[in-house]
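Colleague: The amino acid sequence is not available; the structure is as follows:
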Ligand code: MD3
Ligand code: FE
C-alpha cells in the first residue's frame, strides 16, 4: 500500500469535483443492493470508463452500461488517467472508475475486491470531501486490521499482497471538509478489469 497524502491541492480537487458532477448528471448515482438478500448499500454509486461495477440481486459484475439508463458510462476524465499513469506503474489503462458517494452515515463493510480478471495491476483510490476511517486487514477475515484516516485529496495505491486484502470504511467524519456542498465523501476507485496482454 502507498499513501499519497494531499496529492491534489484544493484547486485540483475543485476541478476534479466539477468533472465528477458532470459525470453523475449523465450517469446518476444508484443504490446498489446485496446479491441474494437484496439489502441496500448505504453507499450510492456510479461509474465512468468502458466498464462499471454494479451490484444487484443477481450478483456483482462489471458491465458497459448504467443499470437504470442503460446508456454507456461516461469516459474517465483525462486528469484521473494522468494520475494513474504517474503513480500506478502499470502501462495498461484502467477500464473502470467506480464513484462511491457516502452520506454522513454511510459505511462499507469489510470485503475483498475480487470481481476483476486482472490482479497484477494496483487499485487506485482518490478521496474527496469529508474524512473517513479506512480499515485494511489481510487476505483472510481473521487477520488483524489497521485503520487510518483518509482525507480530501489523498490518493491510495493498493498493490502486492494488499491487492487482495480485506478493507472497508468504518465511518465518515461529517463536517471535516467544506469541498462538497453538504456533509459527505466521494471516493473514486480505478481498476484494471480485463487481463493485460503482452
Ligand atoms: C484495499 N472503496 O469501492 S477505497 C470499493 O473508500 C472500496 O470507497 C472504499 O473499497 C472507499 O471497493 C475504499 C480504497 C481501496 C480500494 C480497493 C482496495 C482499498 C483497497 C482493494 C484491496 C485492498
Ligand atoms: Fe473495495
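Modeller: In hand now; what should we look at? These numbers come from a predicted model, not from an experiment. Residues are numbered from 1 along each chain as shown. Ligands and ions are numbered 1, 2, ... in the order given.
Colleague: So for stretch 24-39, what gets flagged as buried?
Modeller: 24, 27, 30, 32 (16 or more other Cβ atoms under 10 Å). The way it works is simple: take the backbone N, C-alpha and C, and place the C-beta from them, glycine included.
Colleague: Of those, which belong to helices?
Modeller: residue 24 (DSSP state H).
Colleague: and the buried residues of stretch 24-39 as CSV, adding distance to residue 95 and pLDDT?
Modeller: Below are the buried residues of stretch 24-39 laid out as CSV (distance: Cβ to Cβ, whole Å; pLDDT from 0 to 100):
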residue, distance to residue 95, pLDDT
24, 19, 98
27, 15, 99
30, 19, 98
32, 19, 98
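Colleague: from the buried residues of stretch 24-39, which is closest to ligand 1?
Modeller: Among the buried residues of stretch 24-39, residue 32 lies closest to ligand 1 (Cβ to the nearest ligand atom), at 10.4 Å.
Colleague: Show me which residues of stretch 92-111 are buried.
Modeller: 92-102, 106-108.
Colleague: for ligand 1, what are the nearby residues on this protein?
Modeller: 98, 100, 108, 113, 123, 125, 136, 156, 158, 162-163, 165, 167, 169, 187, 189 (Cβ under 6 Å from any ligand atom).
Colleague: residue ranges of the helices in this structure, please?
Modeller: Counting by DSSP H, the helices of the chain are 10-26, 78-87.
Colleague: I figured residue 59 hits residue 35, correct?
Modeller: Yes: the criterion here is Cβ atoms under 8 Å, and residue 59 meets it with residue 35 at 4.6 Å.
Colleague: follow-up on the earlier one: just the buried ones from the residues of the chain next to ligand 1, in ChimeraX syntax?
Modeller: To isolate the buried members of those in ChimeraX, using 16+ other Cβ under 10 Å:
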select :98,100,108,113,123,125,136,156,158,162,163,165,167,169,187,189
